[in-house]
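**Q** A structural model of the following input is requested.
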Amino acid sequence: MNILLSLVDNLSMFWENTGFANTTLGHIAMIVIGIFFIFLAVKYEYEPLLLIPIGFGILIGNVPFNELANLDIGIYEEGSVLNILYQGVVKGWYPPLIFLGIGAMTDFTALISNPKLMLVGAAAQFGIFGAYFISLQLGFEPNEAGAIGIIGGADGPTAIFLTSRLAPNFLGAVAISAYSYMAMIPVLQPPFMRLLTTKKERVIRMKTPRAVSQTEKIIFPIVGMLLTTFLVPSGLPLLGMLFFGNILKESGVTRRLAETARGPLIDIVTILLGVTVGASTQATTFLKFQSIKIFAIGAVSFIIATCAGLLFVKFMNLFLRDGNKINPLIGSAGVSAVPNSARISHVVGLGYDPSNYLLMHAMGPNVAGVIGSAVAAGILLGFLV
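**A** Next up is the predicted model:
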């Protein structure tokens, strides 16, 4: 009899520690969201390198367990394996390493050959500051508003870096929002591109970019790093690594280092960042009304950024002579989702003129947007910390 009772107690204890016994509707909801992310990545190829790690991370983070059992497996349980890996997000280690890889794979030729496109990338950052003021009006603290606003830059690593400094409790919601809108660029941007431009503007042909010398390509990351970081020293971790990666690429003598930065290194960091960000969406800490508000404001921020880039190009064209005008479609590429937003500008343009290739031109404001979002993050960090 005692053996039977002991067996029943053991089975009862086992059941209490299973995921089935600890499942809530919140866990189920988050698991469905994780599966949806994976579906978008596989079916429609929306940023699969991001959405599959994040989606599977959501599944990992929402396997229910008995928190009273001291299993030390949750991402928020100090000392657990997931918690240790998550420190790269919390402490801001992963984003600069990703920027190193981005710099090593980015060609700034389009921007160097046509420097005024830098202004288009800067204009797209209005989405960040617009969302900042909207968040303040909705009752968020200034530091929280800054973290939410950065979603408009459509730059996941920058969003994570800034949020880890300003509002760590919002990390999951901000990161998921930023990466979600990056992945949804093919759906979100084209309607506004068509709404804010005319058929005549969409077929504007831009001059072929001038040839850029190797010397210019080497000088650009040096001058770019010094100018941006002297202006915004708080952006040094991101901007310094971005331009460092670029000079590894352009110097021509550090090919192995550049290939490592844009290949194995960025792949490993992307995996770790995606999985841990996804796992941080534990239902017990993530499913709050504030998360929904962050998603909504993030969408507004992204839309403002897209529209600001488009309208700014139209404004610039008022002062440019025929033959020098800019196709407004590349204004939407000012958000820093490289190279997706540039590709969408090109694809939409082809729909109106199959022989008008905008990709090279769109890469100018696109890479300028990467710099611009990092500078904007540095500005917010400078006056909010």
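**Q** From the chain's centroid, how far away is the longest helix anywhere in the chain?
**A** Secondary structure assigned by DSSP state H gives helix 289-317 as the longest helix of the chain. Relative to its parent chain, helix 289-317 has a centroid offset of 14 Å by Cα atoms, centre = their mean, to the nearest Å.
**Q** Next, the buried residues of whichever helix or strand comes after that helix.
**A** Note on helix 289-317: by DSSP states H and E, the next helix or strand toward the C-terminus is helix 340-350. Across helix 340-350, burial judged by 16 or more other Cβ atoms under 10 Å covers 340-346, 348-349. Every residue, glycine included, has its C-beta placed from N, CA and C.
**Q** Against which helices or strands is the longest helix of the chain packed?
**A** Counting contacts by 3 or more Cβ pairs under 8 Å, 6 or more residues apart in numbering; DSSP states H and E, helix 289-317 packs against helix 117-123, helix 126-137, helix 142-149, helix 171-183, helix 185-195.
**Q** Compare these and give me the one nearest Gln214.
**A** Closest of the helices and strands packed on helix 289-317 to Gln214 is helix 117-123, at 20.7 Å (criterion: Cβ to Cβ).
**Q** Give the buried residues for the closest one.
**A** By neighbour count on 16+ other Cβ under 10 Å, the buried set for helix 117-123 is 117-123.
**Q** I'd like the distance between Ala305 and Ala122.
**A** According to Cβ to Cβ, to the nearest Å, Ala305 and Ala122 sit 11 Å apart.
**Q** swap in Lys293?
**A** Distance from Lys293 to Ala122, counting by Cβ to Cβ: 27 Å.
**Q** same thing with Gly334?
**A** According to Cβ to Cβ, Gly334 and Ala122 sit 8 Å apart.
**Q** can you list residues touching both of the two?
**A** Residues touching both Gly334 and Ala122 (Cβ atoms under 8 Å, 6 or more residues apart in numbering): 368, 372.
**Q** related to what we said a few turns ago, mean pLDDT lowest where, among the helices and strands packed on helix 289-317?
**A** Least confidently modelled of the helices and strands packed on helix 289-317 is helix 171-183, at a mean of 87 by mean pLDDT.
**Q** Who are the packing partners of it?
**A** helix 25-43, helix 48-61, helix 81-90, helix 156-166, helix 266-279, helix 283-286, helix 289-317.
**Q** what helices or strands is the fourth one leaning on?
**A** Under the contact criterion of 3+ Cβ pairs under 8 Å, 6+ apart, helix 156-166 touches helix 81-90, helix 94-105, helix 142-149, helix 171-183, helix 236-250, helix 266-279, helix 359-384.
**Q** Could you do the third one as well?
**A** The helices and strands touching helix 81-90, judged by 3+ Cβ pairs under 8 Å, 6+ apart, are helix 156-166, helix 171-183, helix 266-279.
**Q** Next up, the contacts around the residue nearest in space to the middle of the chain.
**A** Most central in the chain under Cα atoms, centre = their mean is Gly156, positioned 2.1 Å from the mean C-alpha point. By Cβ under 8 Å, 6+ apart, the contact list for Gly156 reads 50, 175, 178-179, 182.
**Q** need those in CSV with neighbour count and distance to Gly323, can you?
**A** Below are the contacts of Gly156 laid out as CSV (neighbours: other Cβ atoms under 10 Å; distance: Cβ to Cβ, whole Å):
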residue, neighbour count, distance to Gly323
Leu50, 22, 40
Ala175, 26, 44
Ala178, 28, 38
Tyr179, 28, 40
Met182, 26, 35
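**Q** distance of the closest residue to Gly121 other than its chain neighbours from Asn10?
**A** Excluding the flanking residues, the one nearest Gly121 by Cβ to Cβ, 6 or more residues apart in numbering is Ala368, at 2.6 Å. To Asn10, Ala368 is 63 Å away according to Cβ to Cβ.
**Q** which of the two has more neighbours?
**A** Neighbour count, other Cβ atoms under 10 Å: between Ala368 and Asn10, Ala368 has more, with 28 against 10.
**Q** wouldn't Arg205 be in contact with Asn356 here?
**A** Yes: taking contacts as Cβ atoms under 8 Å, Arg205 lies within contact range of Asn356: 5.8 Å.
**Q** Mutual contacts of these two, please.
**A** Here Arg205 and Asn356 have Asn327 as joint contacts, going by Cβ under 8 Å, 6+ apart.
**Q** So for these two, which sits in the more crowded spot?
**A** Asn356 (18 against 15).
**Q** Is the more buried one within a helix or a strand, and which one?
**A** Using DSSP H and E, no helix or strand contains Asn356.
**Q** That one and Gly349 touch, don't they?
**A** Yes: counting by Cβ under 8 Å, Asn356 does reach Gly349; the two are 5.4 Å apart.
**Q** Between these two, which contacts overlap?
**A** Here Asn356 and Gly349 have 203, 327 as joint contacts, going by Cβ under 8 Å, 6+ apart.
**Q** what stretches of this protein score poorly on pLDDT?
**A** The chain contains residues with pLDDT under 70 at 1, 68-69.
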